[in-house]
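Show me the folded form of this:
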Amino acid sequence: MNLAEILVFTDIRQLNQIAGYYGYECNHHSKNELITTLLAGLRLRQTIQEEVKRLTEEDIHFSLLLFLDKRFKFTLEDLLAKAGVALGQAAEKSRDASRKLVSGALKRGWLFPLKGAYSEQFQVPVDLREPFLAAWLKNRCEGDTTATTQPAAYRDEGTAACDDLYLFLSFLQKEPVPLTAEGSMYKRYQVQLFRQFHIKEEPVAKERWRFGYGLHFDQYPDRFSLLYDFCYYQHWIEERPGHVAITERGSEWLKTGYTDETYHQLIRFWLRLYKRAVPNLPMLVQLIPLMAASGWIARHELEDSLLPFITPFYYDDPLSILHNRVLKMMVHLGLLKVGQTDGEWQYAATYACRTWLREWNGFAETTILLK
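Next comes the predicted model:
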């Protein structure tokens, strides 16, 4: 529902609370006058812009989680969970602080109780989402007059990940591949396979911190680890004692090849798999194309704006998470293009990214745990 429809069903006490927060002068006993006054003020971009400038970092974070979520209604637990993420700790440990963030959104008129709900449910006016995001982007860019030009050359991997899924299953169809005692393919088989891929990778050296992003993330490079896990999750491959082999379901998939649905499933799988280590991943994946809406954006600009929303994951620090778990994987999945200008990495959203994100809502996705 839009703001005008929501205000009609809102309790006069909350209307007075919102009007008092902004200091609007009107007849506080007249619901009609309150609605008229709030409609005139709350929908003004200047009002939202000024409010964004006053918000704390936690309020900004919570509001982004709220406005980027495409769901029409939220339970109180949904909101407290978002607040917990914004506060950088578990919601249970910060119940009062979480409730304060929710209360702030109610006072600003950005969140309303859902009329007639059997339990505590809330909604966000759909026509305030775009103005808020525009205000956040404008506030982020204030003082930055640096123009980002298109790189002379750039890489767009498109659906190469799906092509390499096909190559991997074809590789296994010839014969099962032996596994080491740790459960991974021997290095010589990895090298042989990677030479066939459209996007080249090298087997990883032993790194003790490589965990948390998949079944054999400690044994395989980032991109292949995702492709392997996706095949495993789809039951296209199975690990038997001493080797990995293609399944009957995997052989059937090889006969038909990949479709747009396979591509979308792979992106969703990445988001669900990485979401445990990077709780803000659904928000980051939507913010990056918004920040690059006018074309290309430099990596340092993404760092300046997005690092505050990323928390360390064991030995993986926020900078590494942004570079390797978010930006690099978005390039591998065809969601971003990447190039260089004067030694600075630049990123731009692809057409596939913009069209897919219009429909997808990662906030509603459950996390996948493979082990």
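
which stretches of the stretch 251-371 of the chain form strands?
Per DSSP state E, counting those that start in this stretch, the stretch 251-371 of the chain carries strands over the ranges 297-298, 336-341, 344-349.

Domain-wise, how is this protein divided?
Split into domains by automatic domain parsing, the chain comes to 3-141, 161-257, 272-364.

Same list (these) but as a markdown table, adding mean neighbour count and distance to Y154.
Any C-beta I mention is one placed from the backbone N, CA and C, and that applies to glycine too. A markdown table is the format used below for the domains of the chain (neighbours: other C-beta atoms under 10 Å; distance: least, C-beta to C-beta, whole Å):
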| stretch | mean neighbour count | distance to Y154 |
| --- | --- | --- |
| domain 3-141 | 17 | 22 |
| domain 161-257 | 16 | 15 |
| domain 272-364 | 18 | 3 |
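
Check the contact between R155 and K337; I expect there is one.
Yes. Between R155 and K337 a contact is recorded at 6.7 Å, counting by C-beta atoms under 8 Å.

Which neighbours do the two have in common?
Contact criterion C-beta atoms under 8 Å, 6 or more residues apart in numbering; residues shared by R155 and K337: V331.

Is it possible to get a markdown table of the strands of the stretch 251-371 of the chain that adds distance to F197 and mean pLDDT?
Converted to a markdown table, the strands of the stretch 251-371 of the chain look like this (distance: least, C-beta to C-beta, whole Å; pLDDT from 0 to 100):
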| stretch | distance to F197 | mean pLDDT |
| --- | --- | --- |
| strand 297-298 | 28 | 95 |
| strand 336-341 | 18 | 95 |
| strand 344-349 | 22 | 95 |
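
E182: which of those strands is closest?
With C-beta to C-beta as the measure, strand 336-341 is the member of the strands of the stretch 251-371 of the chain nearest E182 (32.2 Å).

which helices and strands does the closest one pack with?
For strand 336-341, the packing partners by 3 or more C-beta pairs under 8 Å, 6 or more residues apart in numbering; DSSP states H and E come out as strand 154-155, helix 328-332, strand 344-349.

Name the next helix or strand downstream of the first one, please.
Remark: after strand 154-155, the chain's next helix or strand is helix 160-174, criterion DSSP states H and E.

Do a quick rundown of the helices in the stretch 201-350 of the chain.
With DSSP state H, counting those that start in this stretch as the criterion, the stretch 201-350 of the chain has helices at 222-233, 248-256, 260-274, 281-291, 299-306, 318-320, 328-332.

Out of those, flag the one nearest R129.
Closest among the helices of the stretch 201-350 of the chain, once you apply C-beta to C-beta, is helix 281-291, at 11.3 Å.

ok, so what distance separates the residue nearest the centre of the chain from Q346?
Centroid check for the chain by C-alpha atoms, centre = their mean gives P282 as the closest residue, at 1.9 Å. Distance, P282 to Q346, by C-beta to C-beta, to the nearest Å: 24 Å.

Then G334?
17 Å.

roughly how far apart are the spatially closest residue to I368 that is not a sequence neighbour and K82?
Nearest residue to I368, sequence neighbours excluded (C-beta to C-beta, 6 or more residues apart in numbering): R272, at 4.3 Å. The spacing between R272 and K82, counted by C-beta to C-beta, is 18 Å.

and what of F197?
F197 is 38 Å from K82, where distance means C-beta to C-beta.
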